[in-house]
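Peer 1: predicted structure and sequence below. I'll ask about it afterward.
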Amino acid sequence: MQGPGVRRRRRPARTVVVLLLLALVGYPLALGAVAYTSVTRVGALPDSSVAATPGQTILLVGSDSREGLTRDQMVELSTGTDVEGKRTDTIMLLHRPSGGGPTVLLSLPRDSYVEIPGHGSNKINAAYAIGGPSLLVETVEGATGIHVDGYVETGLGGFANLVDAVGGVEMCPEKAIKDPKAGLDIQAGCQTMDGATALGYARTRDFDANGDLGRAQRQRAIIGAVAHEAASPAVLLNPLRSFPLASAGGSALSVDDGFGPVDLYGFVMGVRAVAGGQAVSLNVPVASASRRTKAGLVVDWDDEKAAQVFQAIKDDDTESIRAIAASEATGSATSASS
């Protein structure tokens, strides 16, 4: 029988609570560490002449790099086996405001006709082909007036591996698509796409009356779908799935030399906002999607509307972009139905 003044020992219970708290804190930190240590570093941010702006702006680039792919993998992913150099299929700005406004995911179509510093006017993706990530960053900053704080790039193989790591993504094409060049043969309607299929769906554009603009819209949808699957409890709370995903995610990415843990956290939170529908997602407003030049068919931005979007990002006033995004979506729907 317990005597007076003797207190019960509660250390085992306290120990369990402490261990649970450590697990709750340590688990996401461990996932972040796995992803952070897996990324590749590149020299991407040149000395900028553009003033720093509030919030965080990251340039997201999807390149057609085949680095690390075997010939069989190139055939499986329909990337082509005799393509030299690297170009950009995807160029986006992800902006997280410092205040309470929505995150913005802004696509810059790869055929956008802009001034490339030291190389005259050309399609924006030519900047990457000519001078790599640093010239692309300089070109984007010059064309938009927006200071780029970080750079994130993924190649073809990395993109496909990331989609496979989350177990595929659900996409809902409105029509059947058959594009041998992209290795794509799918039916209309909602379906789960594996990495190779999602890659083809992100790259194809010949079937789409909106061309490069339609492709950019699909690419934003796929990014949101990947983030949605990655943040699902079935993945996030299962170490057997979450740690391989963190490793695949990190290995799929190349980031600028100064990209630190805080930048990675901001990037992840920004992409999660896109997945959760708490972001404004749009193409840069355009005046013409198919003007013929010596560089081929190019996309011309709507100078007035594009300037409004860029200024809102520079002012960290992303809430005002909602109306522009709604207007652009209405215009795209009208064009597609006419």
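Peer 2: Arrived safely.

Peer 1: how about the nearest residue to residue 203 once chain neighbours are set aside, what does it touch?
Peer 2: Spatial nearest neighbour of residue 203, excluding adjacent residues (Cβ to Cβ, 6 or more residues apart in numbering): residue 182 at 5.1 Å. To be clear about C-beta, it is placed using only N, CA and C from the backbone, and glycine gets the same treatment. Residues in contact with residue 182 (Cβ atoms under 8 Å, 6 or more residues apart in numbering) are 78, 199, 200, 201, 203, 204.

Peer 1: my guess is the fourth one contacts residue 221, does it?
Peer 2: No. Counting by Cβ atoms under 8 Å, residue 201 does not reach residue 221; the two are 9.3 Å apart.

Peer 1: the two: which is more packed in?
Peer 2: With neighbours defined as other Cβ atoms under 10 Å, residue 201 and residue 221 compare such that residue 201 has more, 24 against 17.

Peer 1: any idea how far residue 276 is from the more buried one?
Peer 2: Relative to residue 276, residue 201 is positioned 22 Å away (Cβ to Cβ, to the nearest Å).

Peer 1: and if you look at residue 36?
Peer 2: From residue 36 across to residue 276, the span is 23 Å (Cβ to Cβ).

Peer 1: who has more neighbours out of those two?
Peer 2: Per other Cβ under 10 Å, whichever of residue 36 and residue 276 has more neighbours is residue 36, with 18 against 13.

Peer 1: surely the more buried one is within a strand?
Peer 2: No. Going by DSSP: H, G, I helix; E, B strand; the rest coil, the assignment for residue 36 is helix, not a strand.

Peer 1: check whether it really touches residue 250, as I assumed.
Peer 2: Yes. Using Cβ under 8 Å, residue 36 is in contact with residue 250, at 6.6 Å.

Peer 1: if you skip the residues just before and after it, what's nearest to residue 206?
Peer 2: Nearest residue to residue 206, sequence neighbours excluded (Cβ to Cβ, 6+ apart): residue 179, at 6.0 Å.

Peer 1: let me see the contact set for residue 318.
Peer 2: Each residue near residue 318 by Cβ under 8 Å, 6+ apart is listed here: 95, 97, 101, 102, 103, 104, 280, 312.

Peer 1: got those as a markdown table, with neighbour count columns?
Peer 2: As requested, the contacts of residue 318 are exported to a markdown table (neighbours: other Cβ atoms under 10 Å):
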| residue | neighbour count |
| --- | --- |
| 95 | 27 |
| 97 | 21 |
| 101 | 19 |
| 102 | 20 |
| 103 | 23 |
| 104 | 28 |
| 280 | 24 |
| 312 | 21 |
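
Peer 1: most widely separated two among those?
Peer 2: Farthest pair in the contacts of residue 318 (Cβ to Cβ) is 103 and 312. Separation: 12.8 Å.

Peer 1: could you list the low-confidence segments of this protein?
Peer 2: Low-confidence segments of the chain (pLDDT under 70): 1-28, 64-86, 328-338.

Peer 1: quick one: classify residue 297 as helix, strand or coil.
Peer 2: strand.

Peer 1: picking up where we left off before, what touches both of residue 201 and residue 221?
Peer 2: Residues touching both residue 201 and residue 221 by Cβ under 8 Å, 6+ apart: residue 171.

Peer 1: now, which of the contacts of residue 182 lie within strands?
Peer 2: If you go by DSSP state E, the contacts of residue 182 have nothing in strands.

Peer 1: for these, pick the one with the most neighbours.
Peer 2: Counting neighbours by other Cβ under 10 Å, residue 199 comes out on top of these with 27 neighbours.
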